[in-house]
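**Q** Return a 3D structure for these sequence lines:
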Amino acid sequence: MRGPKAHAILWAVALINIGATALFLSFDGSLFGYEWLSYVNGFVGFGILFLSYVLRPIQVRRHYKMNGISKFEYQWSADETEIRSEREGLRSQFNWTSLYLATETKEHFFFWINKIQAVVLPKRALKNESEFDTIRKFLAKAGVKVNA
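**A** Numbers count the residues shown, from 1 in each chain. Next up is the predicted model:
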């Protein structure tokens, strides 16, 4: 699961764990006799946040460095029917209508081909806000759902 829904679930689980820890530790310890379990529960809550917001981004950056993905300069182009990306030795193109979903973030457009694979278009590859609007219009015309 991705996107805002996944982040909401992640935060809910982490906050429930941390809240339960605070609640259980507010008792004198004789109520349940499992004070150690409260500490473990709190560490799980903080661990979920740490893994998601610290370790995962580090892992992603390392993956891109190891695979040499960030070394290449991609050329992007789009029209009313398709989007294309090219780099030395590689070319891909997708019809707007064949996209499963699109996600727009502050820095990227993600064009989902299926639930697992996406074509990522960094917004820095576009010149200005009017090009962002053009991409949004192409997606709307093709009937592709866009998550912001």
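
**Q** residue ranges of the helices in the chain, please?
**A** Along the chain, counting by DSSP state H, helices occupy 3-26, 35-50, 56-67, 129-142.

**Q** want to try CSV for these, with mean neighbour count as columns?
**A** Bear in mind the C-beta positions are built from the backbone N, C-alpha and C, glycine included. As requested, these are exported to CSV (neighbours: other Cβ atoms under 10 Å):
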stretch, mean neighbour count
helix 3-26, 14
helix 35-50, 15
helix 56-67, 10
helix 129-142, 14
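
**Q** nearest to T81, of the ones you listed?
**A** T81 sits nearest to helix 129-142 of all these, at 8.5 Å, using Cβ to Cβ.

**Q** List of residues touching the closest one?
**A** 78-80, 83, 95-97, 99, 102, 104, 109, 121, 123, 126, 146 (Cβ atoms under 8 Å, 6 or more residues apart in numbering).
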